[in-house]
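Colleague: this one's structure only:
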């Protein structure tokens with residue numbers, strides 16, 4: 001008998017929230033470990049460290065453009081070079097690659113990983129689901145979240161204008177010329193970036209607990225159900241890892257740690273991420289990530305397309321929010337997400353206080369687990385790595 005709703009009700013009901021690096025996230029991890037041990041012998045808890053406030057880190061990056069703007073008053077070319085460095089560091093942090101965050105205090109979270117070794121392995125399939133629930137903030141308000149992709153593209157444009165105007169002014173100065181419009185463009189763009197910094201600073205300090213029923217107790221329940229399906233019909237040609245990752249709201253820190261410490265060969269590994277599968281239109285992603293999306297793994301897409309119709313899934317791009325798969329895609333791994341998408345293009349109840357256990361549809365969670373199992377079978381049959 002399926003324990004899907006028992007798992008959802010414990011994670012999003014018995015626990016008031018599962019915010020990263022809290023006792024509640026730790027309790028969720030212990031529950032997941034216990035459930036995985038029902039079907040797997042090789043289960044491990046893998047601690048890692050992460051910063052404790054990612055919006056504040058983002059605010060710091062955006063606020064640094066005030067320094068870039070001031071520097072351009074005297075040394076515009078140096079300002080442009082510094083602006084490029086800040087932009088690259090910002091994009092790296094957003095794709096799950098720590099740069100300056102390495103210098104900040106880190107606090108502990110953990111991944112829970114179960115491993116199945118097949119008799120004749122030709123590939124490894126890693127199936128993930130984040131088990132923390134991010135807080136509700138100004139940036140996750142239902143009126144704001146669907147527009148976040150455009151907001152970050154605007155911020156990237158503002159960065160480009162700051163850098164471009166500084167470079168143009170510096171080059172013109174070397175030739176004894178003046179560009180009177182450059183400071184106006186630069187300071188207008190800096191103002192946009194400082195507004196973004198203020199919004200993230202507010203988000204860092206103003207937040208509310210989220211039960212995390214759909215995001216992502218539903219994904220964890222699907223992961224645990226997949227474990228039961230694998231135990232009933234073990235793969236013959238694919239090693240399978242089931243990983244409940246922690247600290248997603250800390251710059252996808254759990255996924256970063258999993259990829260860095262797994263020892264797996266990206267050329268022989270596929271990653272399937274289960275995200276918010278308890279509500280909305282069930283989809284398999286063809287591209288995802290924010291602010292710069294990446295195409296999902298070609299072999300995974302092909303394997304998904306073979307069984308998508310039978311399991312009620314459709315292809316979709318997810319570019320308004322970032323999932324765990326984006327951290328893998330940005331490193332060149334073959335990855336995709338199975339996700340429920342709402343009418344506004346984001347998962348239903350995304351990081352908001354309405355995300356209770358009651359919003360989760362058990363049938364959709366079951367469908368996600370069955371579809372993930374079908375994708376693994378299709379990968380085995382195709383022998384594609």
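Modeller: Here it is on my side, so go on. The model shown is predicted, which means the values in this text are computed figures rather than measured ones.
Colleague: CA atoms for contacts and neighbours, from now on please.
Modeller: Noted.
Colleague: pLDDT at the residue of the chain most remote from its centre, what is it?
Modeller: Here the centre of the chain is the reference, and by Cα atoms, centre = their mean the most remote residue is residue 176, at 47.9 Å. We have a pLDDT of 85 for residue 176.
Colleague: wait, is it part of a helix?
Modeller: No - under DSSP: H, G, I helix; E, B strand; the rest coil, residue 176 sits outside any helix and is assigned coil.
Colleague: quick one, what contacts it?
Modeller: Residue 176 sits next to no residue when contact means Cα atoms under 8 Å, 6 or more residues apart in numbering.
Colleague: wait, isn't residue 239 in contact with residue 114?
Modeller: No - at 10.8 Å, residue 239 does not count as touching residue 114 under the criterion of Cα atoms under 8 Å.
Colleague: show me the helices in the stretch 51-200 of the chain, by range?
Modeller: 54-74, 76-94, 148-174, 182-205 (DSSP state H, counting those that start in this stretch).
Colleague: ok, which of those comes nearest residue 376?
Modeller: Proximity to residue 376 (Cα to Cα) singles out helix 76-94 among the helices of the stretch 51-200 of the chain, at 29.0 Å.
Colleague: and the closest one, how far out from the chain's middle?
Modeller: 23 Å (Cα atoms, centre = their mean, to the nearest Å).
Colleague: which non-adjacent residue is nearest residue 89?
Modeller: Distances taken as Cα to Cα, 6 or more residues apart in numbering place residue 99 nearest to residue 89, at 6.1 Å, with adjacent residues excluded.
Colleague: quick one, phi psi at that neighbour?
Modeller: With angles defined as degrees, to the nearest 10, residue 99 sits at phi -120, psi -90.
Colleague: that one: neighbour count?
Modeller: For residue 99, the neighbour count with other Cα atoms under 10 Å is 13.
Colleague: so who does it touch?
Modeller: 89, 92, 93.
Colleague: scan these and report the most crowded one.
Modeller: Counting by other Cα under 10 Å, top hit in the contacts of residue 99: residue 93 with 21 neighbours.
Colleague: residue ranges with poor pLDDT in this structure?
Modeller: 1, 383-385 (pLDDT under 70).
Colleague: grab the most central residue of it for me.
Modeller: residue 323 (2.7 Å).
Colleague: returning to what we had before: dump the helices of the stretch 51-200 of the chain to TSV, plus distance to residue 5.
Modeller: Converted to TSV, the helices of the stretch 51-200 of the chain look like this (distance: least, Cα to Cα, whole Å):
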stretch	distance to residue 5
helix 54-74	31
helix 76-94	33
helix 148-174	31
helix 182-205	32
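Colleague: quick one: the helices in the stretch 251-385 of the chain?
Modeller: So, for the stretch 251-385 of the chain - with DSSP H, counting those that start in this stretch - the helices run 253-261, 298-311, 324-329, 362-382.
Colleague: so the longest one versus helix 298-311, what angle?
Modeller: I take that to be helix 362-382. Relative orientation of helix 362-382 versus helix 298-311 (axes from the mean of the first three to the mean of the last three Cα atoms, to 10 degrees): 130 degrees.
Colleague: outside of helix 362-382, which residues touch it?
Modeller: Everything outside helix 362-382 that qualifies as a contact, by Cα under 8 Å, 6+ apart, is 4-5, 122, 125, 218-219, 221-223, 225-226, 229-230, 235-238, 272, 274, 277-279, 282, 299-300, 303-304, 306-308, 311-312, 338, 385.
Colleague: can I get the buried part of those as one PyMOL selection?
Modeller: Buried residues within the contacts of helix 362-382, by 16 or more other Cα atoms under 10 Å, are selected in PyMOL with:
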select buried, resi 4+5+122+125+218+219+221+222+223+225+226+229+230+235+237+238+272+274+277+278+279+282+299+300+303+304+307+308+311+338+385
